[in-house]
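# My questions are about this predicted structure, shown below with the sequence.
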Amino acid sequence: MAKANSKFLKQQKVFVGLLLTGIVILLVYLSVIVAQDVPLGEFVPGKHYIELEENYRVRGNKIEVVEFFSYACIVCYHFDPLITDWAKENENIVEFRLSPLPANETWRRLAQHYYTLERLDVLEEHHKKFFFAVHEKNLNISSPARVAEWAKEQSIIGYKEAASSLYVKRRLAAADQLARSLKIASVPTLLVNGKYVITITDKVGSVRMLEILDYLVEKELILSSVAQ
């Protein structure tokens, strides 16, 4: 009787061991299946970003990233070095550009200032300097004369003439049209490859914004490789 019980207990242990092994294998298998079915990352449209119903046309072979910003926006000021570093790290696959948002009269003048610097080919040199002057030196951006005076202090030649040039007017009109067509109402906002819009919210801060950007760029790279 004792031998029979001992044999039964051994068989029971073996059965339980095999059962546990089977469960572990099943769980591993299911985790693999789930990992394959779940999209890359943890971000979903409508919550972390907006997927446009109608895509904005993008030219070139690289993934285009556009940041809508304003010199008046302090969040944009702090975000600027982050997105600049990100753009440099991804310059082989991404075409990054800024688009000043002319949301009101003051912001429109600041957008005009941005394109004036671009027209004079001094944007790269003075973009961050102007941002710094606005948010660290309290430059009076509500006064066009003061902004022009700042340009004079930086020894920028031909500023007033460039500010009223046809080039600046056209660039300003194009920026306004793009923002209106996409219904961009706040900054900083990112447009990714003409398909997705990321905006800072109470749930999406600057760092999170870059994480979502990485996710969408990776998504576009995968779609591009599949299409080829």
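Right, received. Where do you want to start?
# how about Leu191, secondary structure?
At Leu191, secondary structure determined by DSSP: H, G, I helix; E, B strand; the rest coil is strand.
# didn't it look like it was pressed against Val197?
Yes - if you go by Cβ atoms under 8 Å, Leu191 and Val197 touch, sitting 5.8 Å apart. C-beta coordinates here come from the backbone N, C-alpha and C atoms, glycine included.
# who has more neighbours, these two?
A direct count of neighbours by other Cβ atoms under 10 Å for Leu191 and Val197 places Leu191 higher, at 24 against 21.
# quick one: Tyr56 from Gln177, how far?
Distance of Tyr56 to Gln177, given as Cβ to Cβ, to the nearest Å: 11 Å.
# And the residue nearest to Val217 when sequence neighbours are not counted, what's its pLDDT?
Leaving aside its chain neighbours, Val217 sits nearest to Ile63 (5.6 Å; criterion: Cβ to Cβ, 6 or more residues apart in numbering). pLDDT, Ile63: 96.
# residues near Ile63, how many?
Ile63 is flanked by 22 other residues according to other Cβ under 10 Å.
# Please parse this structure into its domains.
Domain ranges of the chain: 1-38, 44-101+184-228, 107-177, per automatic domain parsing.
# Just give me the lowest mean pLDDT stretch among these.
domain 1-38 (a mean of 44).
# Tyr56 and Gln177: which has the busier surroundings?
Neighbour count, other Cβ under 10 Å: between Tyr56 and Gln177, Tyr56 has more, with 15 against 10.
# hang on, isn't the residue nearest to Val217 packed against Asn193?
Yes - the criterion here is Cβ under 8 Å, and Ile63 meets it with Asn193 at 4.9 Å.
# Could you pull out the residues contacting both of the two?
217, 220 (Cβ atoms under 8 Å, 6 or more residues apart in numbering).
# other SSEs contacting the host helix or strand of Lys88?
Per DSSP states H and E, Lys88 falls inside helix 74-89. If you count contacts as 3 or more Cβ pairs under 8 Å, 6 or more residues apart in numbering; DSSP states H and E, helix 74-89 packs onto strand 63-69, strand 94-100, helix 123-136, helix 206-227.
# Please identify the most buried of these.
Most buried of the helices and strands packed on helix 74-89, by mean neighbour count (mean count of other Cβ atoms under 10 Å): strand 63-69, with a mean of 23.
# Give the pairing partners of that one; include direction for each.
Paired strands of strand 63-69, with direction, are strand 94-100 (parallel), strand 189-192 (antiparallel) (DSSP bridges).
# which residues sit against it?
58, 76, 79-80, 83, 87, 93-101, 179, 184, 187-194, 213, 217, 220-221.
# Can you say which of the strands paired with strand 63-69 is nearest to Ile156?
Nearest to Ile156, of all the strands paired with strand 63-69, is strand 94-100, at 17.4 Å by Cβ to Cβ.
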